[in-house]
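Trainee: With the sequence up front, the predicted model follows.
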Amino acid sequence: MVTVIFICGSFLMLDIFFNTSDDSGRVNFANHQKLLAEVAKIDAQITETELSNKIVSRLNEHGYTLAGGVGYTIYPDKQIIALLMYDGDAMNTEREREIHNIVNIVAEENGFHSFDIEIQNAANK
């Protein structure tokens with residue numbers, strides 16, 4: 001299974017740090033390095049725990065089929081998982097809630113906090 005990790009969130013956050021300076025006008029590079037370290041730590045944990053494969057397997061066990069891998073956007077204080085689903089058109093509130101619960105149970109079993117989840121329809125891609 002292919003794992004896609006979008007680190008773009010870190011670059012958006014970096015802009016905030018680069019444009020924030022102290023009274024002397026210096027950029028706070030310590031915040032920048034801390035941010036990069038936190039994103040790298042989350043990325044490594046996703047890889048080490050094989051989180052993507054476990055999410056895909058658990059969703060398959062419950063009858064959900066993904067059209068590809070699991071995509072991640074990582075911020076230090078928020079992680080987002082994007083799921084491209086074949087049956088995305090058939091989503092309703094109950095099915096979306098079930099998918100959210102499945103993903104977050106797997107995440108918690110692997111030492112993660114809850115993820116925000118975006119479900120996308122493969123037919124529209």
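Mentor: Happy to help now that I have it. Residues are numbered from 1 along each chain as shown.
Trainee: neighbouring strands for the strand ranked longest in the chain, and are they parallel or not?
Mentor: The single longest strand within the chain, with elements called by DSSP state E, is strand 66-75. Taking DSSP bridges as the criterion, strand 66-75 sits next to strand 3-6 (parallel), strand 78-85 (antiparallel) in its sheet.
Trainee: Spell out the residue ranges of the helices in the chain.
Mentor: Secondary structure of the chain, counting by DSSP state H: helices at 8-18, 29-48, 51-61, 93-109.
Trainee: Okay, angle between the second one and strand 78-85 too, please.
Mentor: Angular relation of helix 29-48 and strand 78-85 on a 0 to 180 degree scale: 40 degrees, by axes from the mean of the first three to the mean of the last three Cα atoms, to 10 degrees.
Trainee: pLDDT of helix 29-48, averaged?
Mentor: Averaged across helix 29-48, the pLDDT comes to 84.
Trainee: Could you check the pLDDT of residue 118?
Mentor: pLDDT at residue 118 comes out at 92.
Trainee: Burial check on the closest residue to it other than its chain neighbours, number of neighbours?
Mentor: Once flanking residues are discounted, residue 118 sits nearest to residue 82: 4.6 Å by Cβ to Cβ, 6 or more residues apart in numbering. For glycine as for every other residue, the C-beta is placed from the backbone atoms N, C-alpha and C. Counted with other Cβ atoms under 10 Å, the neighbours of residue 82 add up to 18.
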